[in-house]
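Chemist: Predicted model follows, preceded by the sequence.
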Amino acid sequence: MSRIHDALKRAEQERATSAGTYVEPVFQQPPAFPQPEEQRENIPSPPSPQRSSALAMPTMASGLNYESLLARCPQTEWSPDPRTMLFFQGDDSRVGAEEFRTLRNRLYQIREKMPLKRLLVTSALPKEGKSFVAANLAQVMVRQHGRRALVIDADLRNPGMHRHFGAVQSPGLAEYLLAECDEFAALQRGPMENLFFMPAGRAVPSAPELLANGRLKLFLQRVEPLFDWIIMDTSPVIPVSDATLVAGCCDGILMVVRSNATPSDLARRAREEFPDKLLLGVVLNGASREHARSKYYYGEAVNSQP
Ligand SMILES: Nc1ncnc2c1ncn2[C@@H]1O[C@H](COP(=O)(O)OP(=O)(O)OP(=O)(O)O)[C@@H](O)[C@H]1O
Ligand SMILES: [Mg+2]
């Protein structure tokens, strides 16, 4: 039985037996990328990303470089939600922060084995914590010196990431896809160094057509050399097909499952929408502190072979 299956099962069991709400995401990696024994015991220091050497270099091919991005994308006022944005206050000891560091380490481990920069964060249903996970993951990435991250709200139907950051919603991805603005106008830079954000823009009725019109792919190609990580927040998978469209532009997918909430059959159905090779793992969001710190998650499930 795979570890993803175990995680879903566990989420369902928790749903049946507990009513607590917590802020701890727990990462469950699928068996696709087994870790050699010695690497599994040596998690803490993330290696340099495979493509990081390109980051300091001007990107002549696209005409974009980091300096022009900084110049053309002035810092804007954000009011991050202090309840759920874990890293803006400069307090690295908040509940949940350590779990995001662990998730970051796991992603760097996976990146040693495959090209990984464009991440899709999705889930089966609304309100499972996709935006929460995507936003905090981007923050923990840039907490490492010199690392740059871009978060894109690709949930064009129900834009929400801007509320977590306390940033403006437009212009953003929708306006860029409609060719109403260029990439600089659609990007924001907030108070955290090296963290960039493309909001969803105004709500549009034609989300699938826009996401498939080729401009998202073009945008990602242009900005990719400027960032270590590009993290895309999407619509839930079960009600609409948008996430599967965006997945075509990604290197890997993180599936969020909300503890005590996501029915495991729906989580499994959502997971089946994506090719196995793209699925990096499941983030169990809202796991109880006891479960998060238990041997099941950190001793056995995360660190053991399937
Ligand atoms: N681990 C958590 N602990 C506490 N609150 C959380 C947690 N995860 C998410 N929330 C809260 O739950 C709500 C839904 O989270 P979020 O917006 O991240 O979900 P979503 O999956 O992106 O939803 P949607 O599908 O509507 O975009 C938000 O109010 C968020 O602050
Ligand atoms: Mg959301």
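Modeler: Received the coordinates, thanks. Numbering: from 1, shown residues only. Ligands and ions are numbered 1, 2, ... in the order given.

Chemist: At the contact with ligand 2, which residues of the stretch 151-300 of the chain appear?
Modeler: Proximity of the stretch 151-300 of the chain to ligand 2, by CB under 5 Å from the ion, involves residues Gly160. Any C-beta I mention is one placed from the backbone N, CA and C, and that applies to glycine too.

Chemist: Please enumerate the strands of the stretch 151-300 of the chain.
Modeler: For the stretch 151-300 of the chain, applying DSSP state E, counting those that start in this stretch gives strands covering 188-189, 195-198, 229-233, 252-258, 279-287.

Chemist: Export those as CSV, with columns for mean pLDDT and mean neighbour count.
Modeler: As requested, these are exported to CSV (pLDDT from 0 to 100; neighbours: other CB atoms under 10 Å):
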stretch, mean pLDDT, mean neighbour count
strand 188-189, 96, 20
strand 195-198, 98, 25
strand 229-233, 98, 25
strand 252-258, 94, 27
strand 279-287, 91, 26
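
Chemist: which one of these lies closest to Val246?
Modeler: Nearest to Val246, of all the strands of the stretch 151-300 of the chain, is strand 229-233, at 5.8 Å by CB to CB.

Chemist: Indicate whether that closest one makes contact with ligand 1.
Modeler: No: residues of strand 229-233 are not located near ligand 1 by CB under 6 Å from any ligand atom, the shortest gap being 6.5 Å.

Chemist: The strands of the stretch 151-300 of the chain: which one's closest to Asn65?
Modeler: Comparing the strands of the stretch 151-300 of the chain under CB to CB, the one sitting nearest is strand 195-198, at 14.0 Å.

Chemist: for the closest one, packing partners?
Modeler: Helices and strands touching strand 195-198, as assessed by 3 or more CB pairs under 8 Å, 6 or more residues apart in numbering; DSSP states H and E, comprise helix 130-142, strand 149-153, helix 161-165, strand 188-189.

Chemist: Using PDB, write out every CA atom in it.
Modeler: Presented in PDB, the C-alpha positions along strand 195-198 are these (Å, rounded to 0.1, in the frame of the first residue of the first chain):
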ATOM      1  CA  LEU A 195       9.300  37.300  -2.500                       C
ATOM      2  CA  PHE A 196       7.200  38.200  -5.600                       C
ATOM      3  CA  PHE A 197       3.500  37.800  -6.100                       C
ATOM      4  CA  MET A 198       1.300  37.700  -9.200                       C
END
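
Chemist: what's the distance between that strand and the middle of its chain?
Modeler: Offset of strand 195-198 from its chain centre (CA atoms, centre = their mean, to the nearest Å): 12 Å.

Chemist: Please identify the pairing partners of that strand and their relative orientation?
Modeler: Strand 195-198 has the following sheet partners, assigned by DSSP bridges: strand 149-153 (parallel), strand 188-189 (antiparallel).

Chemist: any chance of these in CSV, with distance to Ser131 too?
Modeler: Converted to CSV, these look like this (distance: least, CB to CB, whole Å):
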stretch, distance to Ser131
strand 149-153, 8
strand 188-189, 15
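
Chemist: what does the stretch 1-150 of the chain put close to ligand 2?
Modeler: So the stretch 1-150 of the chain meets ligand 2 at 130-131 (CB under 5 Å from the ion).

Chemist: What ranges does the stretch 1-150 of the chain have for its helices?
Modeler: Using DSSP state H, counting those that start in this stretch, the helices of the stretch 1-150 of the chain run over 3-17, 37-40, 66-72, 97-111, 130-142.

Chemist: Give me whichever of the helices and strands packed on strand 195-198 is most buried.
Modeler: Compared across those, strand 149-153 shows the largest average neighbour count, a mean of 28 (mean count of other CB atoms under 10 Å).
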